[in-house]
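Visitor: Sharing a model prediction with you, sequence too.
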Amino acid sequence: MKPIQTGIERLLPDPPPILQGKRLGLLANPASVACPHGNRRFQSTRALIANHYPDQLKVLFSPQHGLFAEKQANMVPSEDTIDPVLNIPVFSLYGKTRMPTEAMLEPIDILIIDLQDVGTRVYTFIYTMALCLRAARAHHKQVLVLDRPNPIGGNRIEGNCLKPEYASFVGMYPIPMRHGLTIGELALLFNDHFGIGCELHVTPMAGWKREMLFLDTGLAWIPPSPNLPTPTSALVYPGQVLWEGTNVSEGRGTTQPFEIFGAPFFDTGRLEAWIPKDKLAGGHLRPLAFEPTSDKWEKTLCRGFQLHIIDPEIYRPYRTTLTLLQAVVCVQPEAFHWKSPPYEYEFEKLPFDLITGDRSVRKAVEDLVPLEDLEQTWAEELKGFEEIRRPYLLYEPK
């Protein structure tokens with residue numbers, strides 16, 4: 001298999017004329033690097049852009065977790081700073097503001113975006129991008145998105161679409177939890193279908209195919225954020241992120257966030273007995289104990305499980321975690337509860353409802369509605385989303 005070339009690697013040997021002589025800004029983080037092959041191996045995008053376009057890179061922008069992905073969970077802001085190597089301003093888009101201001105954009109003509117998305121609706125990087133597109137439209141700037149793989153594949157979509165009344169920084173647009181698009185394709189969708197309307201350009205990858213999971217790409221996984229340390233953590237994330245809206249630990253403060261979950265009150269034997277094995281298709285639960293060093297249940301012994309992915313082709317992350325949630329609600333109702341606000345700068349709505357994008361999901365979990373019935377209510381909106389996304393696909397479906 002020929003090595004996959006990400007957007008940054010395709011940009012440098014064949015730069016578009018729009019960049020010639022223009023003042024540049026860059027939105028990036030530690031996962032913004034060249035592929036592990038060739039003479040640019042593991043070089044950061046910010047260094048490559050600075051070297052390839054001398055004196056043109058004027059400003060850097062950072063998403064949630066900071067330019068070096070050093071910050072932890074939600075509502076932990078990062079500050080504006082100066083890049084220690086390039087000696088240019090770094091503006092945080094997860095601090096005093098989440099949208100670039102006119103003053104931040106004034107030094108540039110074109111904003112380049114190179115971020116590794118993880119294929120899940122609630123991941124804030126895609127909304128930082130969307131807000132950059134809005135700011136670019138308002139202040140007459142161009143945007144160039146350098147595409148990267150969807151690490152959980154581009155063929156499969158899953159889950160309900162967000163309801164507009166639950167729009168937030170973990171869901172701005174009515175897309176499914178597992179959307180099956182690359183960040184470049186999402187940029188095109190947001191900009192055109194949802195009417196942002198900025199002057200947008202996308203540099204696509206070469207060699208990526210929609211059926212690929214990240215382990216199929218031959219690329220090196222560099223965690224885009226501190227709590228997605230492996231491709232497996234990204235694969236379970238569209239479901240396991242639901243625990244963030246509860247008093248159950250999603251594994252933050254451990255070495256395997258989202259892959260492990262639990263709480264001091266878990267009765268793993270009773271929970272295992274309740275869960276039908278056919279509802280965990282492609283996955284396996286292994287009981288364990290863990291003690292988070294931070295976040296929920298810090299320094300407290302928790303009982304729980306590690307979620308092992310046996311067959312990623314048939315594994316459905318959203319369905320799986322909803323099954324696990326129903327088990328906890330049914331078996332241990334006296335100890336389980338939904339987490340209270342705030343969550344990602346929303347101070348009134350329940351975090352779980354913001355994550356799922358529809359309060360009816362929580363009600364179905366509480367009422368032990370069969371998940372097949374719940375999923376049937378999403379069938380038409382998923383079919384509609386398939387039609388909506390089709391014009392923006394940069395890579396042919398299998």
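Guide: That came in fine, so what should we check first? Numbers count the residues shown, from 1 in each chain.
Visitor: Mind splitting this protein into its structural domains?
Guide: With domains defined by automatic domain parsing, the chain comprises 7-220+388-392, 231-377.
Visitor: in stretch 303-316, what counts as buried?
Guide: 303, 304, 305, 306, 307, 309, 312, 315, 316 (16 or more other C-beta atoms under 10 Å). Bear in mind the C-beta positions are built from the backbone N, C-alpha and C, glycine included.
Visitor: now stretch 359-367
Guide: 359, 361, 362, 364, 365.
Visitor: Would you agree the first one is in contact with residue 166?
Guide: So that's residue 359. Yes. Shown here, residue 359 and residue 166 form a contact pair, counting by C-beta atoms under 8 Å, at 7.4 Å.
Visitor: any common contacting residues for those two?
Guide: Shared contacts of residue 359 and residue 166 (C-beta atoms under 8 Å, 6 or more residues apart in numbering): residue 353.
Visitor: Give the residue spans of the protein that score low on pLDDT.
Guide: 1, 36-39, 398 (pLDDT under 70).
Visitor: what sits against the residue of the chain most remote from its centre?
Guide: The C-alpha centroid of the chain is most remote from residue 21, which lies 33.1 Å away (C-alpha atoms, centre = their mean). Residues in contact with residue 21 (C-beta under 8 Å, 6+ apart) are residue 56.
Visitor: How is it assigned, secondary-structure-wise?
Guide: Under DSSP: H, G, I helix; E, B strand; the rest coil, residue 21 falls in the coil class.
Visitor: and it, how far is that from residue 40?
Guide: 23 Å (C-beta to C-beta, to the nearest Å).
Visitor: name the element the residue most central in space within the chain belongs to?
Guide: For the chain, the residue nearest the mean C-alpha position is residue 123 (3.1 Å; C-alpha atoms, centre = their mean). For residue 123, there is no helix or strand it lies in under DSSP states H and E.
Visitor: and it, backbone torsions?
Guide: phi -70, psi 120 (degrees, to the nearest 10).
Visitor: Just give me the neighbour total for the residue nearest to it when sequence neighbours are not counted.
Guide: Among residues not flanking residue 123 along the chain, residue 117 sits closest, at 6.1 Å (C-beta to C-beta, 6 or more residues apart in numbering). Neighbourhood size, residue 117 [other C-beta atoms under 10 Å]: 25.
Visitor: what does the one 3 residues further on give?
Guide: Using other C-beta under 10 Å, the number of residues around residue 120 comes to 27.
Visitor: Please name the residues that touch it.
Guide: Residue 120 neighbours (C-beta under 8 Å, 6+ apart): 152, 177, 178, 179, 237, 238, 241.
Visitor: Pull the most distant pair out of those.
Guide: 179 and 241 (13.7 Å; C-beta to C-beta).
Visitor: Okay, buried residues for stretch 385-392 please.
Guide: 385, 388, 389, 392.
Visitor: Look up the closest residue to residue 121, ignoring the ones flanking it.
Guide: residue 177 (4.9 Å).
Visitor: For the one you found, give me phi and psi.
Guide: The phi/psi pair for residue 177 (degrees, to the nearest 10) is phi -60, psi -50.
Visitor: Neighbour count: residue 179 and residue 241, which is higher?
Guide: residue 179 (28 against 24).
Visitor: That one contacts residue 119, correct?
Guide: Yes. The pair residue 179 / residue 119 is scored as a contact, 6.6 Å apart, by C-beta under 8 Å.
Visitor: Now do the shared contacts for those two.
Guide: By C-beta under 8 Å, 6+ apart, no residue touches both residue 179 and residue 119.
Visitor: Which residue ranges of the stretch 101-250 of the chain form helices?
Guide: 102-105, 125-138, 183-188, 231-240 (DSSP state H, counting those that start in this stretch).
Visitor: Quick one: closest of these to residue 35.
Guide: Closest among those, using C-beta to C-beta: helix 231-240, at 15.2 Å.
Visitor: for that closest one, packing partners?
Guide: Contacts defined by 3 or more C-beta pairs under 8 Å, 6 or more residues apart in numbering; DSSP states H and E place helix 231-240 against strand 302-309, helix 317-331.
Visitor: what would these look like in JSON lines with distance to residue 11?
Guide: Below are these laid out as JSON lines (distance: least, C-beta to C-beta, whole Å):
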{"stretch": "strand 302-309", "distance to residue 11": "33"}
{"stretch": "helix 317-331", "distance to residue 11": "32"}
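Visitor: Of these, give the one that comes closest to residue 7.
Guide: The closest of the helices and strands packed on helix 231-240 to residue 7 is helix 317-331. By C-beta to C-beta, the value is 26.1 Å.
Visitor: what's in contact with the helix or strand following the closest one?
Guide: As assigned by DSSP H and E, the chain's next helix or strand after helix 317-331 is helix 351-356. For helix 351-356, the surrounding residues in contact (C-beta under 8 Å, 6+ apart) are 122, 159-160, 166, 168, 170-171, 177, 241-242, 244-246, 338-341, 343-344, 346, 359, 361-362.
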